[in-house]
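> Predicted coordinates and the sequence they were generated for:
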Amino acid sequence: MLMNQSQGYGEGASRFSYSYDMLEFRPEWQFDDPDSGVYYHSAVIPGKLFFTSLGGDIPPDAARKAIPHIERVFADRVLVNTDYVRIADYSGVVRASINTRLLYASTLNRLNAEYNCRPVITYICGASQLLKAMLRIFSGIVRQRFVFVDTVEEAFSYVNSSTPKAEPVQSDGVLVSRSEIDDFAATCGHILFENKDLDDADSEYYSPDHPLNELFKVIVVLRNDLQELQDSDRMRRKETEVALEEARQLNDKLVTEKRTVEEKEKIQQGLIENLKNARIEAESANKAKSEFLANISHELRTPLHAVIGMTELLIETKLDKDQRYYSDTLYSSAQMLLMLINDILDFSRIEAGRIDEDKEVFNLRQLLQDIIAIMKEKASCKGLVLAGDIDEHMPSVISGYPGYIKQILLNLIQNAIKFTYRGQVTVTVKVVSETHQDVSLKVAVQDTGIGIPEEQQHLIFNPFTQIDASSTRKEGGTGLGLAIVRKLIAFMGGEIQVTSSERDGSTFSFTLAFDKVEGACDRAEDGDRDGEAEEHQEDVSSSDSEKNRVLLVEDNTINQKVAQAMLLKMGYEIDIAFNGSDAVEALKRKNYGLVLMDLQMPVMDGYEATRTIRQAGSELDSKVPIVAMTANATKEDRQKCMDAGMDDFVAKPVERKVMTAMLHRWLPLSS
Ligand code: ADP
């Protein structure tokens, strides 16, 4: 049915009242693109009203996709052979290009023609100024009437009102000719390129009744907005540039600072490195010094020993009173010198880190008794009592460093006797604590002597420090004893303490932990070397009497002379070989009761010579006792000698007493 104009928006309103609720929205008519947010919604009041609602930022592509849905509306024949009212809601449109709009408009034209229908009036809701201007241009092309309203409700109220907002076509629907559009385009060009205030430029181009006047005004407004936008954009760009420049400067500053920090770190690293090197150098210099001292004192002992040995022999000859006085002085001075050299040797050996680190199982009770026995005579010579007070709960057999314990106690007791003129010296050993594995013992040497002033007590452990010069001179001493004692105790994990007063005397004490030895019994009697030696003595006592002959293997002529003099004096015959290979040859020629073997020698050393002799078989007496003479009396050296096949061992320089005892063990003179 064809709706006549008066029905549509005149009396019709009294009979029909259209409303939004009456619209039929079929799902197949609706287009929604969730990706772009574009929508084309269509609805109808069949035969009467066509409602469309568009929205989003619509590119032609999206519009093309929406067209089948619009076609469905017409295909469903709800608007056929009729004039209808159209309401188009553009309030949701963000942007729609000219192509989008043309596509939409031409589709509607095509469909209207196809289904023989026509929109008599179109209410446009929420159109922008530009859209309004454009639609006015297009209205000529599509030959439609457009009425602009703000909202859909407003459109419905116009549709239903008796006086619809129906402006005359001439004033609202604008017809624009091709030449006017060209003219307009030229004007737009002017507007875009001219920099004058466009608000009052309109009068220059179009009179108020010119059809393009309104569009021109819109463009002017847009142009002004654009300019404002460009200005603010320029300003923002400038601000961004300033901020960027600031950021760049800040970054440069940071980079410089980082570099400075890195340089400082490098310098610091260098300093640390230098310090480390300096420390290493200082340590190695100190070690080198100690090595040097150890070596030089070791070298000094050989000639000094010759002095002592020869003096001993000299003293035993017939001397007049003066000669005896001179030789006694010579002897005691040489002894003093030897003591000093021995102390320096010990001290610098410890300093250089040449310390024997293997523990031994030993009988501490026996060791203490031996030490007290050794020192008792010295004490009683001065009218002093030397007493031992040993905890009866102390385990006898323990593991530790007996050599160092002996050295420490001899030193402390010697000092105590030295600096005491009346009263007694007491050695106390107490169990402080005990576990299954170890036992802590506190060892103290107490005297009733001259004491040490409190302010000087911290000095006495320094090397070469002696407090009372007069008494020390009187008593002798090197000033190294306590320094050695302190180092040895520290090596074993303890600390030496001193309490002293000039009235009551001094107490030196230290606490050390020792490992207990499981299942150990008291082996004091059979543990020492004299016992072993006795057995050997029996082995060799059956020797032939021609074996009073000793072969001395030694490359150093001073040592040769000293040993020769001692042995001759004791009644032995002596042959000398200058090295190991000479010795082997000598043994092939003659039988000897004993070989005294130096270790370091040119051509063939003592170890090799011993091995050669032991393997010689019947060529020579391969069972001849061989006794090593070595200056380095460490445990390893001793072990090395035994491994090579030697029987015994004396420390060099060999003292007469030691030599006598050794010969007594191995080669008692057969008459
Ligand atoms: P020295 O060989 O001179 O005894 P030490 O290092 O053993 O060297 O001792 C350093 C100094 O400490 C001694 O010279 C002495 O002054 C003091 N001293 C050591 N022990 C005692 C003691 N028991 N009584 C008093 N003074 C002592």
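Ah, there it is.

> by contact count, what packs against the helix or strand where Thr426 lies?
According to DSSP states H and E, Thr426 maps onto strand 424-434. Strand 424-434 sits against helix 364-381, strand 385-390, helix 402-418, strand 438-447, with contacts defined as 3 or more Cβ pairs under 8 Å, 6 or more residues apart in numbering; DSSP states H and E. Every residue, glycine included, has its C-beta placed from N, CA and C.

> ok, and what's touching it?
Here strand 424-434 makes contact (Cβ atoms under 8 Å, 6 or more residues apart in numbering) with 364, 368, 371-372, 379, 384-391, 393-394, 409, 413, 416-417, 439-448, 511, 516.

> Centre of the chain to that strand, how far?
46 Å (Cα atoms, centre = their mean, to the nearest Å).

> Next, count neighbours for the closest residue to Arg324 other than its chain neighbours.
Leaving aside its sequence neighbours, Arg324 sits nearest to Ile315 (Cβ to Cβ, 6 or more residues apart in numbering; 7.4 Å). When neighbours are defined as other Cβ atoms under 10 Å, Ile315 has 14 of them.

> related to what we said a few turns ago, can I get the strand holding Thr426 as CSV, trimmed to CA atoms?
What follows is strand 424-434, C-alpha atoms only, in CSV (Å, rounded to 0.1, in the frame of the first residue of the first chain):
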residue,chain,number,x,y,z
GLN,A,424,111.2,-23.9,94.0
VAL,A,425,110.1,-24.6,90.5
THR,A,426,107.0,-26.6,89.9
VAL,A,427,105.7,-28.2,86.8
THR,A,428,102.0,-28.9,87.0
VAL,A,429,99.8,-30.8,84.5
LYS,A,430,96.0,-30.8,85.0
VAL,A,431,93.2,-32.4,83.0
VAL,A,432,90.9,-29.5,82.1
SER,A,433,88.4,-31.4,80.0
GLU,A,434,88.1,-34.8,78.4
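
> Which single residue in the stretch 101-250 of the chain comes nearest to the ligand?
Going by Cβ to the nearest ligand atom, the ligand is nearest to Leu250 of the stretch 101-250 of the chain, at 67.7 Å.

> That residue and Ala243: what is the separation?
As for Leu250, its distance to Ala243 is 10 Å (criterion: Cβ to Cβ, to the nearest Å).

> And for Thr612?
94 Å.

> Compare these two (neighbour count), which wins?
A count of neighbours by other Cβ under 10 Å puts Thr612 above the other of Thr612 and Ala243, at 19 against 10.

> does the more buried one count as helix, strand or coil?
helix (DSSP: H, G, I helix; E, B strand; the rest coil).

> shouldn't it be in contact with Gly580?
Yes - counting by Cβ atoms under 8 Å, Gly580 is a contact partner of Thr612 at 7.3 Å.

> does Asp647 really touch Val627, like I thought?
Yes - between Asp647 and Val627 there is a contact at 6.3 Å, judged by Cβ under 8 Å.

> Which residues are in contact with each of those two?
With Cβ under 8 Å, 6+ apart as the test, Asp647 and Val627 both reach Trp666.

> packing partners for the helix ranked longest in the chain?
When the chain is parsed with DSSP state H, its longest helix is helix 213-315. When contacts are defined as 3+ Cβ pairs under 8 Å, 6+ apart, helix 213-315 sits against helix 129-142, helix 178-193, helix 202-205, helix 321-351, helix 557-570.

> averaging pLDDT over each of those, which comes out lowest?
When the helices and strands packed on helix 213-315 are compared on mean pLDDT, helix 202-205 scores lowest, with a mean of 50.

> gap between the residue of the stretch 251-400 of the chain at minimum distance from the ligand and Gly479?
Of all residues in the stretch 251-400 of the chain, Asp343 sits closest to the ligand, at 7.5 Å by Cβ to the nearest ligand atom. Using Cβ to Cβ, we find Asp343 at a distance of 9 Å from Gly479.

> Okay, strands next: where are they in the stretch 401-550 of the chain?
In the stretch 401-550 of the chain, the strands defined using DSSP state E, counting those that start in this stretch lie at 424-434, 438-447, 497-501, 505-516, 549-553.

> Spell out which residues of the stretch 451-600 of the chain are next to the ligand.
For the stretch 451-600 of the chain, the residues in contact with the ligand (Cβ under 6 Å from any ligand atom) are 452, 460, 465-468, 472, 477-483, 506.

> what do you get for the stretch 101-250 of the chain?
So the stretch 101-250 of the chain never meets the ligand (Cβ under 6 Å from any ligand atom).

> which intervals of the stretch 101-250 of the chain have sub-threshold pLDDT?
128-131, 133-144, 162-215, 217-218, 220-225 (pLDDT under 70).

> How about the stretch 1-150 of the chain: which residue is closest to the ligand?
Asp35 (97.1 Å).

> Could you report the pLDDT at that residue?
For Asp35, pLDDT reads 84.

> Can you tell me how far it is from Ile87?
In terms of Cβ to Cβ, Asp35 sits 27 Å off from Ile87.

> Between these two, point out the one with more neighbours.
Counted by other Cβ under 10 Å, Asp35 and Ile87 do not tie: Ile87 has more neighbours, with 27 against 6.

> where along the stretch 501-650 of the chain do the helices fall?
529-541, 557-570, 580-589, 606-615, 635-644 (DSSP state H, counting those that start in this stretch).

> so Lys652 touches Ala631, yeah?
Yes - Lys652 is in contact with Ala631 according to Cβ under 8 Å; the separation is 4.4 Å.

> more crowded one of those two?
Each of Lys652 and Ala631 has its neighbours counted (other Cβ under 10 Å); Lys652 has more, 22 against 16.

> quick one, phi/psi of that one?
When read as degrees, to the nearest 10, the backbone of Lys652 gives phi -100, psi 150.

> rewinding a little: the residue of the stretch 251-400 of the chain closest to the ligand: neighbour count?
For Asp343, using other Cβ under 10 Å, the count is 21.

> Tell me how far it lies from Phe464.
10 Å.

> How about Ile341?
Computed as Cβ to Cβ, the Ile341 to Phe464 distance reads 14 Å.

> So these two - more neighbours on which side?
Taking neighbours as other Cβ under 10 Å, Ile341 and Phe464 compare with Ile341 leading, 20 against 11.

> ok, Leu482 - contacts?
411, 415, 460-461, 496.

> where are the low-confidence patches of the stretch 351-500 of the chain?
Scanning the stretch 351-500 of the chain for pLDDT under 70 picks out the ranges 356-357, 468-476.

> quick one on the thing from earlier: only whichever of the contacts of strand 424-434 are buried, select them in ChimeraX.
The ChimeraX selection below is limited to those of the contacts of strand 424-434 classed as buried (16 or more other Cβ atoms under 10 Å):
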select :364,368,371,372,379,384,386,388,390,394,409,413,416,417,439,441,442,443,444,445,446,447,448,511
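
> Nearest the geometric middle of the protein, what residue?
Gln269 (15.1 Å; Cα atoms, centre = their mean).

> rewinding a little: by how many degrees do the strand holding Thr426 and strand 385-390 diverge?
10 degrees (axes from the mean of the first three to the mean of the last three Cα atoms, to 10 degrees).

> Is the ligand within reach of strand 424-434?
No - judged by Cβ under 6 Å from any ligand atom, strand 424-434 makes no contact with the ligand; its nearest approach is 8.5 Å.

> what angle do that strand and strand 505-516 make?
40 degrees.

> For strand 424-434, buried residues please.
424-430.

> Likewise for stretch 256-270?
Of the residues in stretch 256-270, none is buried (16+ other Cβ under 10 Å).
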